[in-house]
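Chemist: Build me a model from this:
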Amino acid sequence: MSNAEAEPAVMRCGSPADDVRPAGAPRVDVLAARDVPLGGPRSMTVRRTLPQRDRTLIGAWCFADHYGPDEVTDKGGMALPPHPHTGLQTVTWLFGGEVEHRDTLGTHALVRPGEINLMTGGYGIAHSEVSTPRTTVVHGVQLWVALPQEHRNAQRDFQHHVPDPVRMKGAEVRVFLGSLAGGVSPVRTFTPLLGAEIILEPRMTVALCVDTDFEHGVLVDSGDVSVDDTLLHRAELGYVPPGAEALTLMNESEAPARVILLGGTPFEEEIVMWWNFIGRTHEDIVKAREDWQSSSDRFGTIEGFPGGRLPAPALPNATIRPRRNPPRR
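Modeler: Presented below is the predicted three-dimensional model:
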C-alpha cells in the first residue's frame, strides 16, 4: 500500500534503545491511531498507529495501517495505481475482501484473507493494489518492515504463504511471520520478526510465551482486549518493551475479538522515512523520488495495469531532522 498523504511526514527515526523505562512505569503503552484518508472524498480512510510521535518502530516494524471494514459501494474499495518502494518489505494481511496485486517482478497475485503477501522493495520496486470486482468489503492491515543497512538494497522479491491455524484453548492463532504457539512461518525476513493474527473467544484469557529479546505491539482489530491488565480498544496499539516472557491477552467482550501481534528485536539503526521510501539520509530520499519521477529503470515496469502511475508528492522545503522514540518519563 502507498502512503497517499498529500504532504507525508518527514522523519528520521532513532533506535528504541533510547527508550529508558524507569522503575514502576506502566508495562504497556497505549498508542492511539490517527485517521489518514487515502485519496479523494470516496477514498478509504486508514487508522495509522506506526509511525507516530510516541513510537516510530517496534522491532523493524515501521508502518502500520488498519482499515475497514469498508463497504466498496460507499468508499470505492482499494484502488492504488503503480507506486514505488525502497528499503523496506511490505506485508499485506486481509480480514475481508480480495485485492489484485501486480509488481515489477512480473507478479500477478490475489491477496485473500488469511494469506500473507510479503514484497521486498530493497533498491527499488513498484506495485499496484486494486480490489477485485467481486469484493464487497475491504478490511485488513498493511504493514512495512525496515530493511537493515546491509540488506537495504536487496533484490526485489515476492513471497506468498497460507499459515495453518493453531488452535488453543480460548483462541485461534495464525502465524504469518516468525513463530508463536507452535506455529512457524517459512517466510524470509532480514531481521528477527513476529507477526500473527489472534482471534480470542468471548471472555477468554490466553497466555502466550514470547521471545524475551523482542519488543511487541498488540493492534486491536475488533473487541476490547486487555494486554497484561492494560485495556485496549479497537484500533489502539499496545506496546510492550523487551523482557516479557509471556503476554496475557483477555477478551473483555461478549463477542470474538481479533488482534494482530507484532514483535521483533529492537532495530538499532536510524532510518529516514518519507512517502514510500526508506533510506539513511535526506539525499537517499531525494534520489529515490527523482528516479521515480523520471521513470528510471530502478523501479521497473508493471505489465497489465490499465492506467497511469502514482506521482510522488512534492518534497518538503527542509532537510530531514532527527526524530527518536522519546525517553520514558
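Chemist: what's the burial count for His139?
Modeler: For His139, the count of nearby residues is 17 (other CB atoms under 10 Å). C-betas here are computed from N, CA, C, even on glycine.
Chemist: so which strand or helix has it?
Modeler: Secondary-structure assignment from DSSP states H and E places His139 in strand 137-146.
Chemist: May I see the buried residues of the longest helix seen in the chain?
Modeler: In the chain, assigned by DSSP state H, the helix with the most residues is helix 282-293. Buried residues in helix 282-293, counting neighbours by 16 or more other CB atoms under 10 Å, are found at His282, Asp284, Ile285, Val286, Lys287, Ala288, Arg289, Asp291, Trp292.
Chemist: ok, and what's touching that helix?
Modeler: 84, 86-87, 124, 126, 272, 274-275, 277, 279, 298-299, 311-312, 315, 319-320 (CB atoms under 8 Å, 6 or more residues apart in numbering).
Chemist: Let's see that with 10 Å instead.
Modeler: Contact with helix 282-293 is made by 10, 12, 82-87, 123-124, 126, 152, 271-279, 281, 296-299, 309-316, 318-321, as judged by CB atoms under 10 Å, 6 or more residues apart in numbering.
Chemist: Among those, name the buried ones.
Modeler: 10, 12, 82-87, 123-124, 126, 152, 271-279, 298-299, 309-310, 312-313, 320.
Chemist: Sheet-wise, list the partners of the strand holding His139 with their directions.
Modeler: Paired strands of strand 137-146, with direction, are strand 61-71 (antiparallel), strand 88-96 (antiparallel) (DSSP bridges).
Chemist: Please save the CA atoms from it in CSV.
Modeler: C-alpha atoms of strand 137-146 as CSV (Å, rounded to 0.1, in the frame of the first residue of the first chain):
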residue,chain,number,x,y,z
VAL,A,137,-15.9,-5.2,1.8
VAL,A,138,-12.3,-4.3,2.3
HIS,A,139,-10.8,-5.0,5.7
GLY,A,140,-7.2,-5.6,6.9
VAL,A,141,-3.8,-4.3,7.8
GLN,A,142,-0.9,-3.0,5.7
LEU,A,143,2.5,-3.2,7.4
TRP,A,144,6.0,-2.2,6.5
VAL,A,145,9.3,-3.6,7.7
ALA,A,146,12.5,-1.6,7.6
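Chemist: How far off centre is that strand?
Modeler: 6 Å (CA atoms, centre = their mean, to the nearest Å).
Chemist: Give the rounded mean pLDDT of that strand.
Modeler: Averaged over strand 137-146, pLDDT sits at 97.
Chemist: Check which residues of stretch 45-54 are buried.
Modeler: Val46, Arg47, Arg48, Thr49, Leu50, Pro51, Gln52.
Chemist: okay if I get the strands paired with strand 137-146 as CSV plus distance to Gly170 and mean pLDDT?
Modeler: CSV is the format used below for the strands paired with strand 137-146 (distance: least, CB to CB, whole Å; pLDDT from 0 to 100):
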stretch, distance to Gly170, mean pLDDT
strand 61-71, 23, 96
strand 88-96, 20, 98
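Chemist: of all the ones you listed, which lies closest to Gly238?
Modeler: strand 61-71 (12.3 Å; CB to CB).
Chemist: What is the subsequent helix or strand relative to that closest one?
Modeler: Downstream of strand 61-71 (by DSSP H and E), the next one is helix 72-75.
Chemist: Could you work out the end-to-end span of stretch 220-238 for me?
Modeler: 8 Å (CA to CA, to the nearest Å).
Chemist: what comes up buried for that stretch?
Modeler: Buried, per 16+ other CB under 10 Å, within stretch 220-238: 220-228, 230, 232, 234-238.
Chemist: Go through the residues you listed and name the one nearest Ala246.
Modeler: Of the buried residues of stretch 220-238, the one sitting nearest to Ala246 (CB to CB) turns out to be Asp228, at 8.9 Å.
Chemist: check contacts around that closest one.
Modeler: Asp228 neighbours (CB under 10 Å, 6+ apart): 26-28, 207, 218, 238, 240, 244, 246-250.
Chemist: Cross the residues you listed against helices and list the overlap.
Modeler: Per DSSP H, those never map to helices.
Chemist: PyMOL command to pick out the buried ones of those?
Modeler: Here is the PyMOL selection string for the buried members of the contacts of Asp228, based on 16+ other CB under 10 Å:
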select buried, resi 28+218+238+240+244+247+249+250
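Chemist: what's the farthest-apart pair in the contacts of Asp228?
Modeler: Pro26 and Ala207 (19.3 Å).
Chemist: wait, Ala79 sits on Met44?
Modeler: Yes. Contact criterion CB atoms under 10 Å: Ala79 and Met44 qualify, at 8.8 Å.
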